[in-house]
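Q: I would like to see how this sequence folds:
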Amino acid sequence: MDLRRLIRDTGCRLLRGDALTEITCVCCDSRSAEPGALFVCLPGRHTDGSAYAAQLFSKMKETVDVDGDVARGDLSRVNEWLRARIWQYGSLREPGTLMEAAFEAPFDPSYYVRYLKEKYEALYR
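A: Numbers count the residues shown, from 1 in each chain. Predicted coordinates for the structure are as follows:
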């Protein structure tokens, strides 16, 4: 099937690209996207782990000198923090519930946005 048919049948509109592109597969994981793949985003429970990590890292830094410990090569306090809040629960909790308990707050994407701004502003100055 080409993209033109999908657009016609769904009522969507093409914002960029070639409507004659042949669709060879459908994927919902961007890591498996390849030429010809139709990438679809699934709303809901699926969240990029790095978005969680930014908020988790910020919370950890409230009680652990992460930068100092890493510089010294001592990850014992980092590991203990993760063990107490994440690892001990394994798959017993849904990811969102697990993270919110570790954050002691709802998920907040502004932590991730701040991380991305700091990362890319430093790279492209």
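
Q: Now do the same contact list for the one residue sitting closest to the centre of the chain.
A: For the chain, the residue sitting closest to the mean C-alpha position, by C-alpha atoms, centre = their mean, is D48 at 1.6 Å. Taking C-beta atoms under 8 Å, 6 or more residues apart in numbering, we find D48 in contact with Y112. For glycine as for every other residue, the C-beta is placed from the backbone atoms N, C-alpha and C.

Q: What of L6?
A: Contacts of L6 were listed using C-beta under 8 Å, 6+ apart, and they are C12, I23, L38.

Q: still on that earlier bit, if I look at the residue nearest to the centre of the chain, how far off is Y120?
A: Separation of D48 from Y120 (C-beta to C-beta, to the nearest Å): 16 Å.

Q: again, but for V64
A: Using C-beta to C-beta, V64 is found at 26 Å from Y120.

Q: With D74 instead?
A: Going from D74 to Y120 by C-beta to C-beta gives 30 Å.

Q: cool, and G73?
A: Taken as C-beta to C-beta, the span from G73 to Y120 is 28 Å.

Q: Comparing those two, which shows the higher neighbour count?
A: Y120 (10 against 6; other C-beta atoms under 10 Å).

Q: which helix in the protein runs the most residues?
A: Identified as the longest helix of the chain according to DSSP state H is helix 110-123.
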